[in-house]
Structures are given as C-alpha cells and as structure tokens.
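quick one, what's the 3D model for this:
(2 chains)
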Amino acid sequence: EAQVTQNPRYLITVTGKKLTVTCSQNMNHEYMSWYRQDPGLGLRQIYYSMNVEVTDKGDVPEGYKVSRKEKRNFPLILESPSPNQTSLYFCASSARGWGELFFGEGSRLTVL
Amino acid sequence: AQSVSQHNHHVILSEAASLELGCNYSYGGTVNLFWYVQYPGQHLQLLLKYFSGDPLVKGIKGFEAEFIKSKFSFNLRKPSVQWSDTAEYFCAVRPSGNTGKLIFGQGTTLQVKP
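Coordinates of the predicted model:
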C-alpha cells in the first residue's frame, strides 16, 4: 500500500531535549516536505527536498533541521525544542515538486 | 511576500445547501492551484488541482473550482453538500519557477448539519 509513514504519532517532551520525527515514503517519490499545522494559521511549510541531498527552506525553518540521505526518508530534527514548536506536523511526498502531495497521518508534538 | 487567503474560517450549512469557499492568492506570476481536504481523523488528501487549460476544474466527490486569473482567485464550489463533506478545506498555491515551495491558506472548517 502506498503510504507516507511518520513516527512518533504523539510525543510530549521538554524544552531543550533533542528529538527527531521520522518520515518514510514507499512510492519512490523525489519530492518530500514538512509542514506544521496550527489553529488559524493553516499549514506552513518548514523544509522541502526536491531529491536526495537537495533540501531548501520553506516559510518557517527556524529551529528545525532536515536531511535527505536516502530517497525514501526525510527526518525532521528539533535540536533544542521550545514550547512554540508545539504543533501538529505533517510530512508529505510527491512524484515531482509540482504534483499531488501524499500526506502522512501527522505527528502531534507537545513541548513543555 | 506570497500569501494565500481563505476568507471563510468556519462555515455551517445544512445538507443540500450549495457551497462556495473563497481562496485568493498574492503572486503575480504563473501558479499551480490546489484544494486539499482533511476529514475528521484523517490525513489531508487532494480534492482537485489546476495547472493550465480550462479554468473550471472538477475534482472528486462532486467538487469543482474556478480559476479567475484577473481576480487571483480559485474558489471551491459544490452544488449540494452532504453531511460527509464535514471537514477542513485548504487552498494551496505553488508559484511557478520554484517547484518546491507550496503555500497553504489558513483553512476553512465546514460543518454540514444533517
């Protein structure tokens, strides 16, 4: 089954404790992207990757890092999480940067 | 800065009513346009998209949208909503020339009363 898988789905952590949210897709898609969803703000793009080893900033990259060492994986790293990073995070992929996005089920992160 | 604006944040309709959700964007060049839907408890999925050609595009579940270039708008419509259309709807714009960036609107929550 074609899917985008994120882990963990739920996480409560404390300020400053590094964490990684993994994202994996099994569709051989070139493009992957991370978004955060906050009430009243919709989805905001954090980072995107057009292909392996190619990443670029979205609209809200501060406090996040990404890497794209393999085509299928695109982890989101919070080196020193802060409470303002409490949010619902979505990973998405598409065959090309301009195509239909396939979304993961979301990861709800709470930073205390 | 490029932005996407959805004017209706929360819409409540009765079944069989007609729906129109507004979406306007600020970008002077060529764009690709999308509407995504998020049903309760589910992940986002594509409703419809516009790349070029006929500005009236049809999507899944009876939805359609019209691209009006002069108004920088891409409004979503459905002639008769059902209770199962209760969801959050997002308009998204991809400016051409930058294939990676995708800008979403704030979202519109649609509640359909049976």
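
can you report how many residues lie near the nearest residue to B:Lys71 once chain neighbours are set aside?
The shortest distance from B:Lys71 to any non-neighbouring residue, by CB to CB, 6 or more residues apart in numbering or on different chains, is to B:Asn24 (7.3 Å). In this view, the C-beta of every residue, glycine as well, is placed from N, C-alpha and C. If you count neighbours by other CB atoms under 10 Å in any protein chain shown, B:Asn24 ends up with 18.

for stretch A:103-112, list every residue counted as buried.
A:103-104, A:106-107, A:109, A:111 (16 or more other CB atoms under 10 Å in any protein chain shown).

of those, which are in range of chain B?
A:103-104, A:106 (CB under 8 Å from any CB of the partner chain).

return the member of the residues you listed nearest to B:Ala65.
Checking those against B:Ala65 by CB to CB gives A:Phe103 as the nearest, at 19.5 Å.

give me the phi and psi for that closest one.
phi -100, psi 150 (degrees, to the nearest 10).

taking chain A, what residue is nearest to chain B?
A:Gly97 (3.4 Å; CB to the nearest CB).

dump the residue contacts of that residue.
A:30-31, A:48, A:50, B:94, B:99-100 (CB atoms under 8 Å, 6 or more residues apart in numbering or on different chains).

related to what we said a few turns ago, just put the ones next to chain B among the buried residues of stretch A:103-112 in JSON lines and tack on pLDDT.
As requested, these are exported to JSON lines (pLDDT from 0 to 100):
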{"residue": "A:Phe103", "pLDDT": "95"}
{"residue": "A:Gly104", "pLDDT": "95"}
{"residue": "A:Gly106", "pLDDT": "95"}
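
can you report how many residues neighbour residue 44?
In the absence of a named chain, this looks at chain A. 17.

that answer is for a different chain, and I need it for chain B
26.

and the contacts of the longest strand seen in chain A?
Identified as the longest strand of chain A according to DSSP state E is strand A:42-51. Strand A:42-51 has contacts (CB under 8 Å, 6+ apart) with A:30-38, A:55-61, A:64, A:66, A:68, A:71, A:74, A:76, A:89-90, A:97, B:4, B:6, B:44, B:90, B:92, B:99-107.
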